[in-house]
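Colleague: With the sequence up front, the predicted model follows.
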Amino acid sequence: MSRSLVLASMSMILLSSAASSAATPEAIARSISRGATFLKADLAGSNDENAVGASSLAGLALLESGVPAQDPAIEALRQRLRDNTYSEARTYNLALALMFFDRLGHPEDVPWIQMLACRLLVGQQPNGGWDYESILPIPEAMVQELKKNLRTDELVAGDIQSPAKPLLPGGNRMHAEVVKQSLRLRRVPDQATDNSNTQFAVLAIWIARRHGVDVERSLALIEQRFLRTQKNDGTWSYHPPEPMGQPDHASPSMTCSGLLAIATSLARREERNAAAPKAAAGVRPVDPREVAARRGFAALAQTLAALEGPARADVQRGDGDGDLYYLWSVERVCVIYKIEKLAGVDWYAVGSDALVRSQNANGSWNYRPGSTAGTALAILFLCRSNLAKDLKGVGEEQFTELRSTARLKENVSSAKVTTPKVELKPAGPTLPTPATDQGVLLAAELLKAPANDWSTLLVRLRDEKGPSFTRGLVLAVNKLDGDRKKEARDALADRLTRMTVPTLREMLGSEEAELRRAAVLASAMKEEKDLIPDLIRRIRDDSPVVWPAARAGLRSLTGQDFGPPTAATAEDRSRAQNDWNTWYARTKK
């Protein structure tokens, strides 16, 4: 879409500050009160366990509007969310429920905050983002255990370690049941990620820091994701450029998502600087995080500065291109960065005037995704809400020049700082290639082994303890051929039979096809029937070395054979997976 069309669209969303007078404080206060009355009535008539996200957002808006935590509507919502989040696995819902419990401020809710945070941590994809589904469905047995054991008198200090990856390292006070159950969680593998789900997760992950959850690794991945994917014009897309080939749709709301992520990076920088010895005065090096923030705000400001003529806000849409979601996104980042005007435009005056004039008679706002969510977003904007009040180090001192239109244009056109290249490491087993890596050296040794040393070295890689030997075998298998490849594959599968079920499940979701194949075969060799659903998912694996192994493994484990046939197409594999799932569902009844 051309720049002129984007700006024409935006002119239908906001009012030019030069052509309209802002809503009065009295009108804004009345609007907030009417919206809160609508939300309280709306929540009282709803007990939909699938509406965790919208209900949590409504609860946040009520608290921000001044409704006390002791209000019966808030207390009823709190109890409902505690009951309905035991089985929650969706990103929006996990994040918003966590934010509601945090904003409510009851110490008794800390275990729920930790539980939700752990699910988000597990659900973060290797590229630092999230999709709609964070983790695989929560088994009913886990739900019942949580209902029985999630009490606040069992906070413990401990190091949570999974054989495949550290989940919450450090001496944090974590609830014993959360620790136990989090090790059983598994993210949905091979997900495309988007920056809308991701921005909600980023807020929740940041908030979880103050509740005993170690999120440092997650925040590092978030920083890498957004520094790497900012576009040349300063914007961010809904789907950042990825190997999966997702469409590259940029919108102002997604630019706000990027600015939020960069705010967490800047705040972490300030924390590190405060703890470090004071550096000698001198020229401070260019910080790519500050450059990214300036360029992002410059791009965002252009959608405001170029508006001409009066136009009413079109808040009923739901695409993030100038609706209620957009207004809330602008409010959120401007409050965090302590910015009152962009390119001379008072963003709050523009947005509040638009919202007051578009409110319905019953106090709600129309919004395509639903009036509950829309009304909550409008109230959050009007209240100038800051759901991450401890995001520090991103205030006026660093971003004073954002008030100047000329400087804003300068930031976009002349900022030539190269974003540092970063290697995003997946959360599961990794296959690094530096020459100093022990796994690489072991693989090289095996590849060069003469005939009389081959078997001895292969047995060593099969039997020795440590992840480097697993990596070495995987790397070698990818380079070998003929009989040696077959022998190395067999050794890898034999090696994995010593792994636990959680570790095998993690390896089944690895990005390395040979590791997935070996994990499939090891699962069957160990007769791990708990992994049957995981093997069924591998029937649709894109790798031609994995799905035939999944079929063979399932035949061995179950005595059944629902395909797919040799040389199966993607459609054949999909049909076979459905047949396997149907059979498995019958056996579980």
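Modeller: All right, it came through fine.

Colleague: for stretch 70-77, which positions count as buried?
Modeller: By neighbour count on 16 or more other Cβ atoms under 10 Å, the buried set for stretch 70-77 is 73-74, 77. All C-beta atoms are positioned from the backbone trio N, CA, C, and that covers glycine.

Colleague: pull the CA atoms of that stretch into PDB?
Modeller: Extracted in PDB, the C-alpha atoms of stretch 70-77 (Å, rounded to 0.1, in the frame of the first residue of the first chain):
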ATOM      1  CA  GLN A  70     -13.100  -5.400  46.500                       C
ATOM      2  CA  ASP A  71     -16.000  -4.600  44.200                       C
ATOM      3  CA  PRO A  72     -18.300  -7.700  43.800                       C
ATOM      4  CA  ALA A  73     -17.900  -7.700  40.000                       C
ATOM      5  CA  ILE A  74     -14.100  -7.800  40.300                       C
ATOM      6  CA  GLU A  75     -14.100 -10.500  43.000                       C
ATOM      7  CA  ALA A  76     -16.500 -12.600  40.900                       C
ATOM      8  CA  LEU A  77     -14.200 -12.200  37.900                       C
END
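
Colleague: Contacts for that stretch, please.
Modeller: Contacts of stretch 70-77 with the rest of the structure, by Cβ atoms under 8 Å, 6 or more residues apart in numbering, involve 40, 43-44, 55, 58-59, 62-63, 67-69, 100, 104.

Colleague: Mind doing that once more with 6 Å?
Modeller: 40, 43, 59 (Cβ atoms under 6 Å, 6 or more residues apart in numbering).

Colleague: With respect to pLDDT, which of these ranks lowest?
Modeller: Least confident by pLDDT among the contacts of stretch 70-77: that is L43, with 88.

Colleague: so which of the contacts of stretch 70-77 is the most crowded?
Modeller: Of all these, the highest neighbour tally under other Cβ atoms under 10 Å goes to G59, namely 29 neighbours.

Colleague: so where is this protein shaky, pLDDT-wise?
Modeller: Applying pLDDT under 70 to the chain flags the ranges 1-22, 45-50, 151-172, 241-250, 276-284, 303-322, 392-437, 589.

Colleague: farthest residue from the center of it?
Modeller: Residue farthest from the centre of the chain, counting by Cα atoms, centre = their mean, is N452 at 50.3 Å.

Colleague: For T264, see how far away it is.
Modeller: Relative to T264, N452 is positioned 56 Å away (criterion: Cβ to Cβ, to the nearest Å).

Colleague: Then G370?
Modeller: As it turns out, when the distance is counted by Cβ to Cβ, G370 lies 28 Å from T264.

Colleague: between the two, which one's more packed in?
Modeller: Each of G370 and T264 had its neighbours counted (other Cβ under 10 Å), and the higher figure belongs to T264 (25 against 16).

Colleague: Determine the three-state secondary structure at S87.
Modeller: For S87, the assignment made with DSSP: H, G, I helix; E, B strand; the rest coil gives coil.

Colleague: Spatially nearest residue to it (excluding sequence neighbours)?
Modeller: Setting aside the residues directly before and after it, S87 is nearest to I138 in space (Cβ to Cβ, 6 or more residues apart in numbering), at 4.6 Å.

Colleague: Measure how buried the nearest residue to S385 once chain neighbours are set aside is and give me the count.
Modeller: The spatially closest residue to S385, leaving aside those adjacent along the chain, is E64, at 4.5 Å (Cβ to Cβ, 6+ apart). Burial of E64 is recorded as 20 neighbouring residues (other Cβ under 10 Å).

Colleague: check contacts around E64.
Modeller: With contact taken as Cβ under 6 Å, 6+ apart, E64 is in contact with 380, 383, 385.
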